Structure formats: structure tokens, C-alpha cells
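Enquirer: Output the structure for:
(chains A and B)
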Amino acid sequence: MKEIPDKNILLFRSCLVSVEYPGVEASTKFVFDKLGVDYAISEKQTCCTGLGHYSDVFDQLSTSAIGARNFRIAKDLDRPNLVMMCATCYAINKKSVKLLNNKDELREKINNLFDENGLGHLKYEKDELKPTENIFHVVDILYNKIDEIPDKIKYDLSDYTIATHHGCHYCKVHYEDTVGGVRDPHILDDIIGACGCETIGWYDHKRATCGTGFRQRYSNPELSFSATADKMNAICDEDVDIMVHLCPNCHIQFDRYQHLIADREKRKFRAIHLNIAQFVALAMGGDLDKVIGAKAHTVPIDSVIKDLKEVEK
Amino acid sequence: MTTQKITDSPIDFAEDIILDVKNSKEDGVLKCVQCGMCTSTCPAARHSDYNPRDIIERVLEGDMTIMEDDNIWNCFYCYTCHSVCPVGNSVCEVNQILKQFAINNGIGYDKLYEYMGFADSYFTAAIGAIPEIFFEDIRRDVPGWWEFRQNLGDIRDELELNPPLMPPEEVIDEVSTILTITGFKDRIEKIRQSQEEE
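Expert: Have a look, this model is predicted:
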């Protein structure tokens, strides 16, 4: 397996996490602290452009120039390992590092623009960061610490029926770097296993998109929700209690729109939706309001998790 | 009925795609054997008239009217085709390149207009927030969302999140400068003007 760091990490803030599920950030920090991961967050780091990029509003030059600025911030803090909470930030930043290293014309154009406009301090040098060695998702960091997770578990969540949804922009974009399978993704199932729980594993449509499709959710909702319904019906057939995610965009699609799609499908969907960091934080004893951020959820977490029982040591 | 324009050198269209900065598959598009694996795994093909195999066929024929075909806007950018193609092509990337070609030719501005909020929030807050134009739909479709958003500050305080949501002013200024010198600001103004004039 590739080398995964546990120090010199810049935890890369995500716009969707910040404004939709801020408990994902709090939970990631809680779990990283428990596992002794060395990280920092910077107020200077800005959005990766992902939502605008995949809505076709941003061109690649602009996205990669913003990437170069964020990479400079990480390097200046001596935190060259960027760790993303959002699958889209992960895919966007990994692609920008690849392009800035390999497409000399693009890198030189961006550096010249920086030089000519008083932003010379942001220039990117070829191979300053490496896509495989410096760009990670939180799940990579958790997977690397998988043997240390069982000792930190406080609550037993093994009575719940659990399924996983692996975000496309983690698994399928830079598949050469994906840990834990691309065609049958299981990195989330493995991390949940370290929390003492067994997931349902494979299910129909397991590797399919959440259906957000960026512009599809807003401009083409029928198409978007038809794709989501495929997956929601599949997890309903398996009587799933908890669906575990790794991307805030997928999380929105399932948690925010579950009611709407249930009405559309004339079925009762009852799963709650947790990010993997929230799931691990909950199992490690994180408070529902102060760490998990339960108040941000549309499907109430306590509609499924009514009480927590401690693990027998 | 749309007119099919076949260029004198059909392969030039594919060559332009290969040379685009976004292309990560070298000459993958030329290796397409029309097996249809992309279409058989595609969520947009499953639920609409979008057909990734057909897109590559038309590209290889030099059929530039593909840029004006509304169906190309149905791609989810889920990269499923990209991850399963047996010859190392990526219709998902080709699709993104086709849309940028379209935009550079003044096509598809109506499709982008609703998303101008993504650009605006960058200049005002260096954040890629969901455009406010969609808030009314979200309020209608998602029970409790609007109330949650009104309480976001309190929820973030309870989670003791630091640094705060908004970056400092000098950061926003720097990001605004970058997006001006790359030509992004002009592109956005051009799209906005074209739609507001209509």
C-alpha cells in the first residue's frame, strides 16, 4: 500500500462541510486527536472551486491557479500533506497537482500571471507536491490507523444494520491511488469493522453515484433523484439503519432529500446518514451536539440511535 | 432536425480534445472500440437519452454539432465510465472538454447562468457556496433546512470550530485578483451580460 502520513497535515476545509454538516469537521478533529494525528487548519486556505468547476463555470486555468495558491499555503506552514474531508476537493486538488507537475505550459502560464500581478510568492515549482504522496482523503488517514481504532472505541454500534456509500470522486477519478478497491469499494466497510461493527458489504448499486451530478440536482432534479432512488431503494431492501458516507455532497443528497424521494417512490426510507468521521467519533464517545453536529441533520440521528451502550472491555 | 457538420479532417476534432489541458488519457479517445461499457454503466444513460458511446462516435466522426446537443449536459461527472473503460478512454473528461469548447464558442451560456452564484461567492467570500438562486427550491424540498441555516452560527459555535467560516479580507482580495488575472471574471461577466440582455 502507498505511504500514508500521520503528521505535517493540513486538514483542508470544505465549503459544504462548513455550511451543511459542520459536525464532520468537528468529528474529524475529534478522531484525529484520539489517534494522535498531527494536523492544522488554516484560515488562509480557500475553496477548491469544485462545485463551480463541475458545474462548468470554472475553467481549468482558474481552478489550478487557486490550487497553486492553496498548495503554497500548505508548504509555507510546513504541512505539505493535504487531507480532504470532501471527495470533490480530493479529486480537484489531486488533478491540479498532476497538471501543475506535468503540463509545463499551464504551470508557466500561472506562474507568469502571478509574477506580473504582484503574486510572485504564490508560484508553484514543478514536483513541489506529488499527487500520490501529498494528496489524501480523511479515509486514507483513518485506514492507516486502522489497528489503533479498536482500543479507542467506547460505544457498541454493532446491533445496527450498516451500509456504506463510497463517493465517486474518491474512488473513480484517480483510481490508481484509491485505497480499498474501486470496483468493489470497501475502505469504509473496513474502517467500520475496526469500530467493532460488520456492514452489509456489497449491495445492489453499491458503486453507483449518489445522483447529485452537480448541476443535475438543481437544474435537472428528475434525472438526479431517479439515480438516487436506485440506491435508496437498494438500501431500503436491505433494511439499513445507518448509511455511512465520505463526501458531504453525497451526504446532502441522501440526508436532505430522503423524505422527497421516499414520497416519490411511495416507500418509507428510514436510514440515517453519517460521515465516516462522525461514525467513528460517535463510536469513540463523541457528544451528539458538541462533536457529531446532530442538529445539522435532516433525518434525525436519534430516529435510529436512541441509546448508546458501552462496549464490554 | 440538426445538421451534421463533418469536418474535412474528422480526426482534428479528437486531436483538439487530446491537446486540451484537462485531458489525462493521452490519446485514449482514439482507442475507443465502441464496446459500450461506458453506456452500460452510466447513470445518465440509464435515466435519460444521454449516450456516452455515441458521444465518442460523433467525436471520432468530427461531428462538431455535439457541442450544441443538450444531452451532453446530462452527465453526472461520476467518472464511472472513466474508471471502467477497457482501453483507457474517459468520456467523462471528453464531455467536460466538449463543454469548455462549447462555452468558448458562446454555446451553453443559458446552462451556466443559474450557476453564476458560484462565481459571485468566490469574489465576496472565497467560498463555493450553493447559489442563493436555489434556496427557494431547497426550502420547499427540505423540511427544516432554512431554520437550520439560520442557526448555523450557533451550531458552529457549539462545535467550537475555528477558524471561522469567513476567511480574512486579504485572502478574499488575493483570490479575487487571481480570478481576475486568469480571465475568469471577464468570462463570468460575458455570460451574465449575454443572458441579461435577452
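
Enquirer: and residue 190, what pLDDT?
Expert: All of this is about chain A. Listed pLDDT for A:Asp190 reads 98.

Enquirer: wait, I meant chain B there
Expert: 95.

Enquirer: If you count contacts, what does the helix or strand hosting it end up packed against?
Expert: Using DSSP states H and E, B:Lys190 maps to helix B:184-197. If contacts are counted by 3 or more CB pairs under 8 Å, 6 or more residues apart in numbering or on different chains; DSSP states H and E, helix B:184-197 sits against helix B:109-113, helix B:116-125. For the C-beta atoms, the positions are set from N, CA and C on the backbone; glycine is no exception.

Enquirer: Is chain A within reach of the shortest one?
Expert: Translated: helix B:109-113. Yes. Helix B:109-113 lies within reach of chain A by CB under 8 Å from any CB of the partner chain, at B:Lys111, B:Leu112.

Enquirer: How far away from the center of its chain is that helix?
Expert: The chain centroid and the centroid of helix B:109-113 are separated by 11 Å under CA atoms, centre = their mean, to the nearest Å.

Enquirer: Just the closest residue of the stretch 201-313 of chain A to chain B, please.
Expert: A:Gly213 (3.4 Å; CB to the nearest CB).

Enquirer: hmm, back to that, please identify the buried residues of the helix holding B:Lys190?
Expert: B:Phe184, B:Lys185, B:Arg187, B:Ile188, B:Ile191, B:Arg192 (16 or more other CB atoms under 10 Å in any protein chain shown).

Enquirer: Stretch B:81-96 now?
Expert: B:81-85, B:89-96.

Enquirer: which residues are contacting that stretch?
Expert: In this structure, residues lying in contact with stretch B:81-96 by CB atoms under 8 Å, 6 or more residues apart in numbering or on different chains are A:56, A:171-173, A:175, A:182-183, B:17, B:22-26, B:28-29, B:31-33, B:35, B:37-38, B:41-42, B:52-53, B:55-56, B:59, B:72, B:75, B:77-80.

Enquirer: Show me those that map onto strands.
Expert: In strands, judged by DSSP state E, none of the contacts of stretch B:81-96 are found.

Enquirer: Among those residues, name the buried ones.
Expert: Neighbour counting with 16+ other CB under 10 Å marks A:56, A:171-173, A:182, B:17, B:22-25, B:28-29, B:32, B:37-38, B:41-42, B:52-53, B:55-56, B:59, B:72, B:75, B:77-80 as buried within the contacts of stretch B:81-96.

Enquirer: for the residue sitting furthest away from the middle of chain B, what are its contacts?
Expert: No residue in chain B sits farther from the centre than B:Glu158, which is 35.6 Å out by CA atoms, centre = their mean. Shown in contact with B:Glu158 (CB under 8 Å, 6+ apart): A:Asp289, A:Lys290, A:Lys295.

Enquirer: Check which helix or strand A:Met243 maps to.
Expert: strand A:242-245.

Enquirer: roughly how far is that strand from the heart of the chain?
Expert: Centre to centre, stretch against its chain (CA atoms, centre = their mean), the figure for strand A:242-245 is 12 Å.

Enquirer: quick one: is it near chain B?
Expert: No. If you take CB under 8 Å from any CB as the test, strand A:242-245 misses chain B, and the best it gets is 14.8 Å.

Enquirer: For that strand, C-alpha coordinates in CSV please.
Expert: C-alpha atoms of strand A:242-245 as CSV (Å, rounded to 0.1, in the frame of the first residue of the first chain):
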residue,chain,number,x,y,z
ILE,A,242,-27.1,3.7,9.1
MET,A,243,-25.6,4.7,5.8
VAL,A,244,-22.0,5.9,6.1
HIS,A,245,-20.6,8.4,3.6
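
Enquirer: which residues in chain A form strands?
Expert: So, for chain A - with DSSP E - the strands run A:9-12, A:39-40, A:81-84, A:135-137, A:162-164, A:242-245, A:272-275.

Enquirer: Residue numbers of the stretch 151-300 of chain A in contact with chain B?
Expert: With the criterion set to CB under 8 Å from any CB, the stretch 151-300 of chain A comes near chain B through A:168-169, A:171-173, A:175, A:182-183, A:207-209, A:211-216, A:218-221, A:223, A:226-227, A:230, A:256-257, A:259-260, A:289-291, A:293, A:295-296, A:298.

Enquirer: What subset of the residues you listed is buried?
Expert: Counted by 16+ other CB under 10 Å, these give A:168-169, A:171-173, A:182, A:207-209, A:211-216, A:218-221, A:223, A:226-227, A:230, A:256-257, A:259-260, A:291, A:293, A:295-296, A:298 as buried.

Enquirer: Restricted to helices, list those residues.
Expert: Residues of these located in helices (DSSP state H): A:168-169, A:171, A:215-216, A:218-219, A:221, A:223, A:226-227, A:230, A:256-257, A:259-260.

Enquirer: how about those residues, which pair is most distant?
Expert: A:Cys171 and A:His259 (27.3 Å; CB to CB).

Enquirer: quick one: contacts for residue 115?
Expert: The chain I'm using is chain A. A:Lys123.

Enquirer: that's the wrong chain, I wanted chain B
Expert: Here B:Tyr115 is in contact with A:Gly52, A:Ser55, A:Asp56, A:Val57, A:Arg215, B:Pro131 (CB under 8 Å, 6+ apart).

Enquirer: Any chance of a markdown table for the residues you listed, columns distance to A:Asn112 and pLDDT?
Expert: Listed next are those as a markdown table, based on distance: CB to CB, whole Å; pLDDT from 0 to 100:
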| residue | distance to A:Asn112 | pLDDT |
| --- | --- | --- |
| A:Gly52 | 24 | 94 |
| A:Ser55 | 28 | 95 |
| A:Asp56 | 26 | 97 |
| A:Val57 | 24 | 96 |
| A:Arg215 | 32 | 95 |
| B:Pro131 | 32 | 90 |
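
Enquirer: where exactly do the helices run in the chain?
Expert: If you meant another chain, say so; for now it's chain A. Assigned by DSSP H, the helices in chain A fall at A:15-19, A:22-34, A:50-53, A:60-76, A:87-102, A:104-116, A:131-134, A:138-144, A:168-171, A:187-194, A:215-219, A:221-237, A:248-265, A:276-283.

Enquirer: Correction: the question concerned chain B.
Expert: So, for chain B - with DSSP H - the helices run B:11-19, B:37-41, B:43-47, B:52-60, B:80-84, B:91-104, B:109-113, B:116-125, B:135-141, B:145-150, B:152-158, B:169-181, B:184-197.

Enquirer: All set, thanks.
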